[in-house]
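Trainee: Structure of the sequence below:
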Amino acid sequence: MESLWILIPLSLLIAVGIGAVFWWAVNGGQMDDLDSPARRILIDDDRAPVAAAQTDVVLPTATNAGPPAPVPPSNQVLPVV
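Mentor: Just a heads-up that it's a prediction; the model follows:
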């Protein structure tokens, strides 16, 4: 029974806080237009897609690959650079 002295004012405080947040949202325009965002997905988008950015990366081909690197034997130790 003694916990009611804390729980009742606490629940009233929470209810007032929820009411204040709801009042702030309604007066702030959060709930003015609920239909337009839902219908916006149905509107056709006739704009052309944006072209991908050109890159300056040259990929190796048969003409610019060069000679293959020599493979050392498996028992040879590679020098540390």
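
Trainee: Pull out the C-alpha coordinates of stretch 15-29 and format them as CSV.
Mentor: Provided in CSV are the C-alpha atoms of stretch 15-29 (Å, rounded to 0.1, in the frame of the first residue of the first chain):
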residue,chain,number,x,y,z
ALA,A,15,0.3,10.8,-18.4
VAL,A,16,0.8,14.5,-18.4
GLY,A,17,4.1,14.1,-20.2
ILE,A,18,2.6,12.0,-22.9
GLY,A,19,-0.3,14.5,-23.3
ALA,A,20,2.2,17.4,-23.6
VAL,A,21,4.2,15.5,-26.3
PHE,A,22,1.0,14.7,-28.2
TRP,A,23,-0.2,18.3,-28.0
TRP,A,24,3.3,19.6,-29.2
ALA,A,25,3.2,17.1,-32.2
VAL,A,26,-0.3,18.2,-33.2
ASN,A,27,0.4,21.9,-33.0
GLY,A,28,3.8,21.5,-34.6
GLY,A,29,2.2,20.1,-37.9
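
Trainee: CA-only coordinates of the worst-scoring helix or strand of the chain on mean pLDDT in CSV, if you can.
Mentor: Ranked by mean pLDDT, DSSP states H and E, the weakest helix or strand in the chain is helix 36-39, scoring a mean of 81. Provided in CSV are the C-alpha atoms of helix 36-39 (Å, rounded to 0.1, in the frame of the first residue of the first chain):
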residue,chain,number,x,y,z
SER,A,36,0.7,12.6,-49.6
PRO,A,37,3.7,10.6,-48.4
ALA,A,38,1.7,7.4,-48.9
ARG,A,39,0.7,8.3,-52.4
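
Trainee: so where's the chain uncertain?
Mentor: 48-74, 76-78, 81 (pLDDT under 70).

Trainee: Okay, residue 40 and residue 29: tell me how far apart.
Mentor: Per CB to CB, to the nearest Å, residue 40 is found 18 Å from residue 29. The way it works is simple: take the backbone N, C-alpha and C, and place the C-beta from them, glycine included.
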